[in-house]
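1. Sequence first, then the predicted structure, then my questions.
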Amino acid sequence: MPLLNVSNLAKSFGPNDIFSGIMLSVPYHARLAIVGPNGIGKTTLLRILAGEDTPSQGQISQARGLKIGHLPQEATFVDSSHTLWDECLESFTQILDMEQELAQLESNMSDPEQAEISLARYGKLQAEFDHLGGYTYIQRIEQVLTGLGFTPDEFEYPLGHLSGGQRTRALLARLLLSDPDLLILDEPTNHLDIQAVEWLEGYLSQWEGATLLVSHDRYFLDKVASTILEMNRNGFEIYRGNYTAYLQQRQERWDERLRVFEAEREQLERDLEYIRRNISGQNVSQARGRLRRLSRRLQAINQLGMQAVVGKNWGAISESVQTAVSMMSVDEATQIVHGLRPPTNRPPILHLKLKAEARSGEIVLRAHNLTIGYPNKALFQADEIELRRLECAALIGPNGAGKTTFLKTILEKLPPLTGEVTLGASLTVGYFAQAHEDLNPERTLIEEIDSVAPQMLVAEIRNYLARFLFYGEDVFKPVAVLSGGERGRLALAKLSLSNANLLLLDEPTNHLDIPSQEILQDVLAEYQGTILLVSHDRYLIDALATQVWEIDEAAGRLTVYKGTYSEYHAFQEATHEAQRAISESQRNTGITRKPGSLKINAETRAKGHSTNEERRRLARLHEVEASITALETQLAVISHKLESPPTDPAKVQRLGNEYVRVQNELDQLLLDWEKLHSE
């Protein structure tokens with residue numbers, strides 16, 4: 001039996017149907033993600049499945065004793081005076097009770113009258129305590145809190161003093177530590193930086209329970225999900241695989257439905273043509289029979305919708321039509337057939353265009369010996385930065401590292417602490433602010449657009465806002481009442497009127513649903529200007545970035561990597577793997593190294609080398625190891641490029657030649673490394 005089984009689930013608020021007909025099974029170890037546009041009912045569905053709301057119709061059956069952990073978008077706690085550590089300890093009440101009993105039994109064993117009974121109980125309880133993780137729960141709490149981005153100093157913070165994002169992370173930590181059978185997660189990557197999201201991906205990949213989640217993070221869905229449930233205006237559909245597989249299957253289904261629709265519309269047109277030719281002629285009875293059958297088909301389409309009937313058996317469908325079927329006139333049938341539109345589950349989409357009106361200079365941005373921060377706090381340093389026309393640089397790093405501060409420095413809203421930032425010639429800068437502080441909460445949507453496009457008439461503004469999914473009376477709403485997603489769409493509407501040739505984008509996909517993210521990504525990919533992108537959206541970064549600027553918060557430095565995000569990630573993985581291999585070889589050979597120094601242990605001295613000879617040998621060994629690390633990293637990057645080779649055969653040939661050259665050089669260095677170890 002699955003953990004959760006859902007049959008014909010529906011939810012309505014008054015006369016408004018939110019969703020209906022949901023059929024869903026959540027088996028053990030499931031990794032099921034729910035996607036769909038904002039407002040389709042994803043959060044409502046999760047609340048119902050978590051037992052926090054009731055359906056209007058349908059049934060939910062659970063496995064006996066099912067333990068559910070639910071992470072809502074906004075976290076609340078029973079006792080906000082608890083510290084973060086205390087809240088995590090709530091997941092281990094059984095272990096804490098056992099720990100207390102073990103301490104009492106240890107005390108009782110000093111009493112001769114209780115020693116024998118206490119010892120027997122102690123042995124049994126200690127085995128159970130060990131099995132439940134009684135000797136590792138402290139390390140587990142530290143691991144989860146650190147992985148989710150908390151510092152040790154924050155472990156003792158009262159929950160009431162944490163920000164909204166920190167409280168959500170705190171609840172997520174408690175849920176992960178409580179080991180439920182089913183985790184229901186609503187936007188779990190909100191408020192997490194890339195490092196914390198990657199940690200969560202690794203944690204969930206090894207976790208034995210089932211996961212049911214809603215997320216707009218497409219890269220996260222690629223790593224975590226194995227089944228996608230898409231909610232849409234016409235119901236829902238299930239796809240097997242991760243997000244990338246879902247995209248491919250969805251397109252295949254759309255293409256197949258369009259093919260079937262076109263074939264059936266052609267058949268309807270042929271039937272109409274036959275009826276027109278024969279309705280007053282010699283074959284009038286056959287024509288009237290066809291018209292009667294055609295009328296049933298068209299009435300089924302009118303009642304059930306094209307989505308419900310395309311590709312189905314017409315006879316069976318016509319029987320499901322509730323009203324009596326009357327034969328249409330030829331003109332009525334012709335009008336309906338000509339008015340048919342292809343079936344689609346596509347949600348309303350943004351009609352976004354970003355146009356760089358003027359051409360900028362080749363060098364768009366340069367920085368030299370830069371220090372970013374505030375007078376009392378330096379955030380990071382950067383030696384040399386250069387951004388050229390039509391490039392896209394992705395600025396990544398943990399929350400609070402200084403990414404937004406850097407953008408404000410470029411905009412001259414903040415001065416650099418040292419060095420300078422120089423912008424190129426003929427630049428028009430467009431800025432998308434993460435907190436949307438460029439939106440005036442007291443203005444209406446029409447007034448916001450009018451502030452950047454005063455030449456537009458009210459009717460033109462209304463039509464323009466409709467392209468960003470603001471319809472009817474929505475345009476008269478004040479900005480203050482808009483949701484996060486609505487503010488994001490309004491900010492994009494203003495940005496697209498700027499005609500900028502340099503875009504500074506600070507988390508542009510925050511609060512956007514996946515369909516809107518897909519549109520924004522496509523538009524930015526076609527944009528004929530330069531982009532500096534701050535984002536935690538790795539899917540977007542991987543699609544756009546030509547270089548990656550990473551802020552290392554611990555070192556306080558910005559490092560530039562020339563290449564795509566996939567290449568950068570492969571570089572990081574290869575570097576870490578090479579470092580692990582070197583550390584392992586050092587442990588095996590008795591050689592240890594600390595940054596900036598060489599250490600000779602007793603085993604290496606026993607080989608008979610003088611101290612100076614040994615230092616020279618180890619210095620050379622150090623140099624060879626560093627070169628091996630660099631070449632292994634280079635080889636990993638080339639390998640990654642060859643996995644998805646360019647279409648140009650000459651480029652493939654150059655990559656192959658470069659791979660052979662690096663491999664030969666690496667082989668020679670490995671021989672040198674072995675020789676140095678054998679001396």
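-> Arrived safely, thanks for sending.
2. Contact partners for residue 277?
-> With contact set as C-beta atoms under 8 Å, 6 or more residues apart in numbering, residue 277 has these partners: residue 287. (Each C-beta comes from the backbone N, C-alpha and C, glycine too.)
3. how close does it get to residue 244?
-> With the distance defined as C-beta to C-beta, to the nearest Å, residue 277 ends up 50 Å from residue 244.
4. and the chain, what are its domains?
-> When the chain is parsed into structural domains using automatic domain parsing, the resulting residue ranges are 1-67+180-241, 255-338, 363-563, 575-678.
5. how far does the shortest one sit from the chain's center?
-> Distance of domain 255-338 from its chain centroid, counting by C-alpha atoms, centre = their mean, to the nearest Å, is 45 Å.
6. First-to-last residue distance for it?
-> Start to finish, the residues bounding domain 255-338 are 21 Å apart (C-alpha to C-alpha, to the nearest Å).
7. For residue 577, see how far away the closest residue to residue 672 other than its chain neighbours is.
-> Closest residue to residue 672 apart from its sequence neighbours, by C-beta to C-beta, 6 or more residues apart in numbering: residue 624 at 5.4 Å. The span separating residue 624 from residue 577 equals 18 Å under the rule C-beta to C-beta.
8. same thing with residue 390?
-> 34 Å.
9. Contacts for the host helix or strand of residue 393, please.
-> Per DSSP states H and E: residue 393 is located in strand 392-396. Under the criterion C-beta under 8 Å, 6+ apart, residues 194, 387, 403, 406-407, 524, 530-536, 541, 544-551, 565 lie in contact with strand 392-396.
10. what is the rounded mean pLDDT of it?
-> For strand 392-396, mean pLDDT is 96.
11. Over to stretch 566-583?
-> Taken as a whole, stretch 566-583 has an average pLDDT of 73.
12. do the same with stretch 102-119
-> Taken as a whole, stretch 102-119 carries a mean pLDDT of 86.
13. Endpoint to endpoint, it covers what distance?
-> Its start and end residues considered, stretch 102-119 measures 10 Å (C-alpha to C-alpha).
14. do stretch 414-428 as well
-> Taking C-alpha to C-alpha as the measure, stretch 414-428 stretches 19 Å from start to finish.
15. And stretch 425-435, how far out from the chain middle?
-> Once both centres are worked out by C-alpha atoms, centre = their mean, stretch 425-435 turns out to sit 25 Å from its chain's centre.
16. same thing with stretch 392-411?
-> Between the mean C-alpha point of stretch 392-411 and the mean C-alpha point of its chain there is a distance of 19 Å (C-alpha atoms, centre = their mean).
17. go on, stretch 221-231?
-> 11 Å.
18. neighbouring contacts of that stretch?
-> If you take C-beta under 8 Å, 6+ apart as the criterion, stretch 221-231 is touched by 19, 24, 30-36, 40-42, 45, 201, 204-205, 211, 213, 215, 236-246, 250, 345, 539.
19. how about low-confidence regions in the stretch 451-600 of the chain?
-> Across the stretch 451-600 of the chain, the ranges flagged by pLDDT under 70 are 578-600.
20. Quick one: the helices in it, in order.
-> Listed in chain order, the helices of the stretch 451-600 of the chain (DSSP state H, counting those that start in this stretch) span 458-466, 484-495, 514-526, 538-544, 565-589.
21. quick revisit: between residue 624 and residue 577, point out the one with more neighbours.
-> residue 624 (19 against 14; other C-beta atoms under 10 Å).
22. I'd assumed the more buried one was in a helix, is it?
-> Yes. Secondary structure assignment (DSSP: H, G, I helix; E, B strand; the rest coil) places residue 624 inside a helix.
23. Correct me if wrong: it contacts residue 671.
-> No. Under the criterion of C-beta atoms under 8 Å, residue 624 lies out of contact with residue 671, with a separation of 10.0 Å.
24. who's in contact with residue 534?
-> If you count contacts by C-beta under 8 Å, 6+ apart, residue 534 has them with 394-396, 403-404, 407, 434, 505-507.
25. Taking the chain centroid, which residue in this structure is the extreme one?
-> Computed with C-alpha atoms, centre = their mean, the residue of the chain farthest from its C-alpha average is residue 282, at 65.6 Å.
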